[in-house]
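S.K.: structure for the following, please:
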Amino acid sequence: MKKVTLYTDGACSGNPGVGGWGAILMFNGHEKEISGAEADTTNNRMEISAVIYGLECLKEPCEVSVYSDSAYTVNAFANRWIYGWAASGWKKTDNKPVLNDDLWKRLLKLTEIHRVTFHKVKGHADNEHNNRCDKLATDAIKNYKSE
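M.R.: Next up is the predicted model:
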């Protein structure tokens, strides 16, 4: 399996509001940057979307190290919440529906194709790739608003 590094970030102007996401895929000395925006969304949705769109760029099953500053996204896998949500019909332990289940379902399917490991990074700090993803996400918001 090819080993790919994926940095991701999401942002929102208002929460909910116009949101953007950015991702950088790295493989064998090459980098690919992607980004996008949506009209009426939340920061958490953009964080998950960044990972989804990054993984969807891969043309074959890969071993992927995902780096995100989103505790929400990373902890869903690190603490295995997502597997409990799926097993309970996308209900939390308090029996309330899981927010963003449409995105979690897409992401879970992608983690069945790829061998994915999630890593938490500190946001808005000294990680150049996370900072670049933040800029991609915020630029996507600006571009969306100016259209």
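S.K.: name the single longest helix found in the protein.
M.R.: Selection of the longest helix in the chain by residue count, based on DSSP state H, yields helix 128-146.
S.K.: what are the contacting residues of that helix?
M.R.: 7-13, 18-24, 33-39, 46, 50, 67, 69, 121-125 (Cβ atoms under 8 Å, 6 or more residues apart in numbering). To be clear about C-beta, it is placed using only N, CA and C from the backbone, and glycine gets the same treatment.
S.K.: swap in 7 Å and give it another go.
M.R.: Identification of contacts with helix 128-146 by Cβ atoms under 7 Å, 6 or more residues apart in numbering yields 7-11, 13, 18-24, 33, 35-37, 46, 67, 69, 121, 123-124.
S.K.: same check on stretch 42-53?
M.R.: Contacts for stretch 42-53 (Cβ under 7 Å, 6+ apart): 8-12, 15-16, 19-23, 34, 36, 66, 68, 70, 72-73, 100, 103-104, 106-107, 110, 137.
S.K.: what about 8 Å?
M.R.: 6, 8-12, 15-16, 19-23, 34, 36, 38, 66, 68, 70, 72-73, 99-100, 103-104, 106-107, 110, 133, 137.
S.K.: alpha carbons of the helix or strand harbouring residue 51, as CSV, please.
M.R.: Using DSSP states H and E, residue 51 falls within helix 43-56. C-alpha atoms of helix 43-56 as CSV (Å, rounded to 0.1, in the frame of the first residue of the first chain):
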residue,chain,number,x,y,z
ASN,A,43,-17.2,24.3,11.4
ASN,A,44,-17.5,20.6,12.4
ARG,A,45,-19.0,19.7,9.0
MET,A,46,-16.1,21.5,7.2
GLU,A,47,-13.6,19.6,9.4
ILE,A,48,-15.1,16.2,8.4
SER,A,49,-15.5,17.3,4.8
ALA,A,50,-11.8,18.1,4.4
VAL,A,51,-10.9,14.5,5.4
ILE,A,52,-13.6,13.1,3.1
TYR,A,53,-12.5,15.1,0.0
GLY,A,54,-8.9,14.3,0.7
LEU,A,55,-9.5,10.6,0.9
GLU,A,56,-11.8,10.7,-2.2
